[in-house]
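Generate coordinates for the sequence data below:
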Amino acid sequence: MKIFLTMIIVLIGSGLCRGASDGSSDPKDQKLINWMRANTCQLTGMPYSYEPVGVRHDSFMKMGGRYSTTGIIERTIVDRGISIYDAALWQIILGQTGDPHDLMMARKPAEYYWKGALNEFSNIRAGAGGQIFVYDPRHPQAVSSDIDQNGSRGFIFRMLDAAGEYRSTDPLDGKKYYQDFPNDARIHWEDWKPIAGENAWVVMAAMHLLNQTSSEDWHASIEFNLAQELARAALYLQARNGGIRMAPLGTYYHLLGVLSDASDEEIVQNLDRNAKRFKQGISVSPEDPERLGGVDYQPYHTWYYEEISTENNLSWYAALRMLYRLTGRPQYLNGLQHIEQYLRSVWASKKKIFYQGAHEIQGVWVPNRGPFASDVQNWAIVVLGPQKIDEWFGEGSAWDIWRATKALAGIYNAGSLAGVGFSNEKDRLSIEWTAGAILAVRKLAVYYSLTHPDWAAEAGRDASSMRLGVETYHFTVRPNEEAYSYSSVRRWIPFGWFSQHVPVMSLASTAWIVMVDKNIDPFEL
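Residues are numbered from 1 along each chain as shown. Reported below is the predicted structural model:
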């Protein structure tokens with residue numbers, strides 16, 4: 001049963017670190033921004049990625065079992081976590097409101113990232129020297145975890161506790177201990193993955209904030225230096241095929257042996273089993289360790305290094321392009337050209353789509369022919385532009401991408417296109433990925449307006465119907481504060497996480513809708 005726009009949800013148990021809006025009367029998008037301001041931790045100023053509304057216990061009950069490592073970790077993230085990608089979207093929006101206080105708020109995450117610490121998290125940067133993360137086995141010490149080595153430090157961990165607190169409590173029932181929890185039975189923050197794509201968004205947000213700074217102050221700014229430092233680390237991850245690897249060596253891959261087509265219950269059981277075996281020191285894979293740079297790595301510490309995500313590379317393409325246009329430095333242009341080489345290698349000419357990624361198997365990069373990723377297609381159109389795609393693959397190729405995406409992932413309501421799903425599906429709508437699709441089809445409508453006006457007209461209709469379609473998931477959270485759900489259905493996403501059900505509000509969804517409404521292209525300055 002669908003929940004409509006007029007429904008009002010009352011927040012229960014909002015938590016210590018959440019703020020409140022100023023209570024003023026604002027137009028629609030202002031109410032979305034009000035929620036983005038309010039859904040932040042008062043202790044640190046960091047935003048939250050989610051806010052479960054209504055009966056919070058009911059939302060948490062859907063996230064794994066009461067006694068489940070996977071469930072506890074997911075509930076903790078939804079209750080207290082912030083993805084640095086979500087924070088970047090938040091920074092881009094608040095940095096452009098024209099309000100000096102918003103700009104100050106938007107700059108706060110960059111200050112923590114540059115400092116390398118967030119409250120109890122004494123080090124949120126990933127590299128060599130005291131940590132196991134290696135970006136290039138030929139130069140293992142090139143990227144450091146030492147937060148005092150400004151300019152040579154590594155990526156930021158993709159997900160953080162917004163309050164910077166290490167110990168946690170299960171928000172479902174308040175328990176503080178669980179015997180099968182990894183590393184320590186005392187429940188604690190347990191997501192330490194320095195993923196390339198999220199760090200590209202930190203760079204993009206920094207560059208957007210830099211646009212709010214006088215040009216003579218750029219080189220001394222935190223944002224400029226942070227962007228260059230992260231780009232340096234990314235370029236150490238660039239593989240021979242031109243793609244930037246998903247993460248450095250040493251990044252823990254929790255999905256070994258987990259089949260995406262299994263039931264949600266089976267997936268949780270497999271994830272819990274992996275976590276328990278890892279805690280007991282039992283290998284989660286029968287494969288032998290792989291020797292890289294003179295070090296033996298278990299498969300769960302090499303998988304991300306041997307994976308390239310097309311989405312991650314589109315993000316880095318945009319980030320490096322911003323840096324190149326600002327600085328003119330050749331390493332950024334070289335990085336762009338190599339990413340183009342990779343992108344062309346994962347084009348599926350018969351299907352008219354980009355493959356989701358590629359994996360290195362015995363030194364050979366093999367495209368991931370499945371699962372289909374709808375965000376890759378939409379971001380490719382927005383980042384590369386229809387003209388470049390058509391120049392690469394033939395006239396109409398950009399339009400073919402959108403036709404294929406609609407066919408595979410289009411979600412319809414009474415015959416009208418309401419949005420897109422995450423993958424090849426017809427019954428789950430992603431608000432965030434639909435917003436990306438709206439930006440994509442708007443670009444198609446402009447580009448094909450003269451040469452193919454019928455395509456342009458269809459693209460325009462699709463943009464309008466999708467913008468209307470996501471309104472089913474638009475809610476009033478508090479007076480003068482509104483937000484959008486993460487998705488329409490809770491279910492496993494084949495790329496490695498669960499979508500949330502309707503009463504879980506999402507910073508990513510809400511920020512993307514604001515960008516759509518205000519015609520903000522996050523991939524361009």
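
What is the neighbour count of the nearest residue to P109 once chain neighbours are set aside?
The shortest distance from P109 to any non-neighbouring residue, by Cβ to Cβ, 6 or more residues apart in numbering, is to A87 (4.9 Å). All C-beta atoms are positioned from the backbone trio N, CA, C, and that covers glycine. When neighbours are counted by other Cβ atoms under 10 Å, A87 registers 30.

Could you check which helix or strand contains N34?
Using DSSP states H and E, N34 falls within helix 28-38.

if we can go back for a sec, only alpha carbons, please: show the helix or strand containing the residue nearest to P109 as PDB.
Assigned by DSSP H and E, A87 belongs to helix 84-94. Presented in PDB, the C-alpha positions along helix 84-94 are these (Å, rounded to 0.1, in the frame of the first residue of the first chain):
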ATOM      1  CA  ILE A  84      31.000  10.600   3.600                       C
ATOM      2  CA  TYR A  85      29.200  10.500   0.200                       C
ATOM      3  CA  ASP A  86      26.000  11.600   1.900                       C
ATOM      4  CA  ALA A  87      27.900  14.300   3.700                       C
ATOM      5  CA  ALA A  88      29.300  15.500   0.400                       C
ATOM      6  CA  LEU A  89      25.900  16.000  -1.000                       C
ATOM      7  CA  TRP A  90      24.900  17.800   2.200                       C
ATOM      8  CA  GLN A  91      28.000  20.100   1.800                       C
ATOM      9  CA  ILE A  92      27.200  20.900  -1.800                       C
ATOM     10  CA  ILE A  93      23.600  21.900  -1.000                       C
ATOM     11  CA  LEU A  94      24.400  23.900   2.200                       C
END
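
Measure how that helix sits relative to helix 28-38, angle-wise.
Relative orientation of helix 84-94 versus helix 28-38 (axes from the mean of the first three to the mean of the last three Cα atoms, to 10 degrees): 130 degrees.

so how far is helix 84-94 from its chain's centroid?
Mean C-alpha position of helix 84-94 versus that of the full chain (Cα atoms, centre = their mean, to the nearest Å) differs by 11 Å.

wait, the residue nearest to P109 sits on M46?
Yes: with contact defined as Cβ atoms under 8 Å, A87 counts as touching M46 (6.8 Å).

can you list residues touching both of these two?
Common contact partners of A87 and M46 (Cβ atoms under 8 Å, 6 or more residues apart in numbering): P109.

Could you check how far the residue nearest to P109 is from F422?
21 Å (Cβ to Cβ, to the nearest Å).

At which residues are the strands of the stretch 251-400 of the chain located?
290-292, 295-297, 307-309, 347-348, 353-354, 357-361, 364-368 (DSSP state E, counting those that start in this stretch).

between those, which gets nearest to A205?
strand 307-309 (19.0 Å; Cβ to Cβ).

Now the closest one: average pLDDT?
When pLDDT is averaged over strand 307-309, the result is 98.

just stretch 224-244 next, same as before
Stretch 224-244 comes out at a mean pLDDT of 98.

same check, this time on stretch 92-101
96.

How about stretch 59-79?
pLDDT averaged over stretch 59-79 gives 95.

What residues of it count as buried?
The neighbour-count check on stretch 59-79 (16 or more other Cβ atoms under 10 Å) flags 59-60, 62-64, 68-79 as buried.

Equivalent analysis for stretch 168-177, please.
Applying 16+ other Cβ under 10 Å to stretch 168-177 flags S168, T169, D170, P171, L172 as buried.
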